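Novice: give me a model of this one.
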Amino acid sequence: MNRLLLAALLMPTLGTLAMAETCPGNPDALGTSRSIEVSTKHDLRIGQKTYPQTLALEKGEVVLTFDDGPLPATTRTVLDALAHECVKATFFLVGRNSKASPDLVKRELREGHTVGHHSFSHPAVTMAGLSDSAARADIERGFQADDMAAYGSAGSEPRVPFFRYPGFADTPDLNSWLNGRGIGIFGADLWASDWVEMTPEKTLDVLMTRLRHQGKGIVLLHDTRHQTAAMVARLLRQLKAEGFRIVHMVPAQGDTTTPLDTAPAGWTSETEAIIRKNWPAILAIKKREEQKPGQPRASSAAGAEKVN
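Specialist: Numbering: from 1, shown residues only. Take a look at the predicted model:
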């Protein structure tokens, strides 16, 4: 068994792991500098766009995360780019997309990526616009669909206890419910705003400008966006050229403690402000959907300022 395959198999049992292997066929690859175990057993809510804590990363360290997939037209391109650079990422899956494309979910796992969860339907009104019971049912259905696609079976709890809210729109009751099940809640520290229509070049410029300013963090991208898929290979080369390093999140084994950074004084939640601004539009969508029973819900939040 070659050492790269052995490292991939052992990764879930390791803590912080230096990824010193070379990348087959690409000696100048960006690579993955280390993996970090993330414990979800102690009310984990991270990503300073939404929460006051995040992973304790060093300057120049980047965690790549992709939401809303898989989607064959774009996710394959993203995975090809990551594979060429031997970079590992975390994919937060929408359950109905997992159900439609289980081969892509299996490929993500086979290539060493982490698979988390992002609800079943990605409701346009967000989880905060649903009743608590409806939101729980959609999240639960997503866990089941993702695990069926990934592993061919699903238990009472998701195998990877990583969850990201659509639109980052949480509620205290849902947070308590997830926390009680040992499921961690993931936000982001910065994003490329790739839900807004723009060229791949502009998407890359937006993200790199923000990353240079911030210096590190959990990055939100969408593997369902054509502009994102078209720019990922260039993003990885730019990260390499500017000395950024990739950190891969994996679920912790056992009752370990994940080092976290706390936001400075004066911190506020940017996503909460966006949700408040968009709330009238979200309620209007909810009213229209309630008047049309049986109609499929849109898969994105309202307004150009939506965040996920």
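Novice: now the strands for the stretch 51-200 of the chain?
Specialist: Taking DSSP state E, counting those that start in this stretch, the strands of the stretch 51-200 of the chain run over residues 53-55, 61-67, 90-93, 114-117, 162-163, 184-186, 190-191.
Novice: for residue 73, which of those strands is the nearest?
Specialist: Smallest distance to residue 73 across these (C-beta to C-beta): 14.2 Å, for strand 61-67. All C-beta atoms are positioned from the backbone trio N, CA, C, and that covers glycine.
Novice: pull out the CA atoms of the closest one and give them to me as PDB.
Specialist: What follows is strand 61-67 as a C-alpha-only set of coordinates in PDB (Å, rounded to 0.1, in the frame of the first residue of the first chain):
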ATOM      1  CA  GLU A  61      -3.600  28.800   6.800                       C
ATOM      2  CA  VAL A  62      -6.800  28.300   4.900                       C
ATOM      3  CA  VAL A  63      -9.700  25.800   5.200                       C
ATOM      4  CA  LEU A  64     -11.600  25.300   2.000                       C
ATOM      5  CA  THR A  65     -15.300  24.400   2.200                       C
ATOM      6  CA  PHE A  66     -17.800  24.000  -0.500                       C
ATOM      7  CA  ASP A  67     -21.600  24.100  -0.100                       C
END
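Novice: what's that strand packed up against?
Specialist: Contacts defined by 3 or more C-beta pairs under 8 Å, 6 or more residues apart in numbering; DSSP states H and E place strand 61-67 against strand 90-93, strand 217-222, strand 245-251.
Novice: confirm that residue 261 sits in a strand.
Specialist: Yes - assigned with DSSP: H, G, I helix; E, B strand; the rest coil, residue 261 falls within a strand.
Novice: give me whichever of the helices and strands packed on strand 61-67 is most buried.
Specialist: Across the helices and strands packed on strand 61-67, the average number of neighbours (mean count of other C-beta atoms under 10 Å) peaks for strand 90-93, which reaches a mean of 28.
Novice: parallel or antiparallel, list what pairs with that one.
Specialist: According to DSSP bridges, strand 90-93 has the following sheet partners: strand 61-67 (parallel), strand 114-117 (parallel).
Novice: touching the longest one from outside, list them.
Specialist: Contact partners of strand 61-67, identified using C-beta atoms under 8 Å, 6 or more residues apart in numbering, comprise 33, 55, 57, 78, 82, 87, 89-92, 94, 118, 164, 186, 188, 211, 216-224, 239, 244-249, 308.
Novice: returning to that earlier point: can I get the helices and strands packed on strand 61-67 in CSV including mean pLDDT and distance to residue 287?
Specialist: Shown next, in CSV, are the helices and strands packed on strand 61-67 (pLDDT from 0 to 100; distance: least, C-beta to C-beta, whole Å):
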stretch, mean pLDDT, distance to residue 287
strand 90-93, 98, 28
strand 217-222, 98, 27
strand 245-251, 98, 38
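Novice: any weak-confidence spans in the stretch 151-300 of the chain?
Specialist: 286, 289-300 (pLDDT under 70).
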